[in-house]
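here you go, sequence then predicted model.
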Amino acid sequence: MIVIHHLNNSRSQRVLWLLEELGVPYEIRRYERLPSLAAPPELKAVHPLGKSPVLTDGDLTLAETGAIVAYIAETYGGGRFQPTPDTADWWRMQHFLHHAEGSAMPPLFMKLVFARIPSQAPFPIRPVAKALMRGVDAKLLKPRLAELLDYWDEALAKTGWFAGLEPTLADVMMSFPLEAAGSRIGFDGRRNLSAFVERIHARPAYRAALEKGGPYAYA
């Protein structure tokens with residue numbers, strides 16, 4: 001049976017959602033973040049990088065969410081949650097599979113880290129740290145994040161999904177960046193983005209994944 005090594009408030013929640021959509025049996029092994037928000041050291045016993053999600057299936061141990069959802073779909077999906085191969089929608093799905101972690105998450109992660117730096121700096125230099133972080137945010141992060149939000153909003157405009165008329169792996173992968181963006185910066189009136197998040201949160205499979213995965217700050 002598939003085992004998902006699941007960290008609270010993390011990317012692994014969307015793996016549970018996909019498994020519920022496909023009706024694939026699985027087991028969850030839960031891990032809790034440290035006070036620093038880092039993953040616990042126990043995860044290093046599962047994979048050398050010590051991060052989540054990690055999938056184990058027989059002798060296979062697989063990390064990275066994109067690789068995990070692709071493996072699940074190819075091995076257990078029977079063509080579900082994927083467009084017809086070698087169509088425009090198929091390649092759009094492939095694009096967003098990689099875009100989710102390659103382009104979408106780095107600036108969102110930087111936003112989170114930079115927001116925490118001033119409070120963790122020594123007290124005498126906190127004003128300097130705050131000023132520095134405000135400058136980086138205004139000149140680097142805000143423009144980049146606005147560009148990404150516009151891109152996602154436009155991508156959803158036609159059908160409400162990222163790669164065709166029905167949800168696919170692209171939507172599974174993009175769910176976490178959109179949830180994180182909505183929580184950390186908001187959508188600033190981009191209705192296609194808020195509608196997407198509302199739509200996936202209403203799906204029975206998504207709600208079942210939440211019940212099994214435990215508390216999740218973004219839903």
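Cool, got the structure.

any idea how far stretch 169-180 is from the chain center?
5 Å (C-alpha atoms, centre = their mean, to the nearest Å).

who's in contact with that stretch?
The contact list for stretch 169-180, computed with C-beta atoms under 8 Å, 6 or more residues apart in numbering, reads 11, 13-14, 17-18, 21, 65-66, 69-70, 73, 81-82, 92-93, 95-97, 99-101, 104-105, 108, 152, 161-163, 193, 196-197, 200, 218-219. Every C-beta, even on glycine, is put in place using the N, C-alpha and C of the backbone.

per-residue confidence averaged over that stretch?
In this model, stretch 169-180 has an average pLDDT of 97.

how about stretch 32-43?
89.

contacts for that stretch, please.
Residues from elsewhere that reach stretch 32-43, judged by C-beta under 8 Å, 6+ apart: 5, 7, 8, 9, 10, 31, 50, 51, 52, 54.

quick one: what helix or strand has the closest residue to residue 54 other than its chain neighbours in it?
Setting aside the residues directly before and after it, residue 54 is nearest to residue 5 in space (C-beta to C-beta, 6 or more residues apart in numbering), at 4.2 Å. Residue 5 belongs to strand 2-7 when assigned by DSSP states H and E.

next SSE downstream of that strand?
Next in sequence after strand 2-7, counting helices and strands by DSSP H and E, comes helix 13-22.
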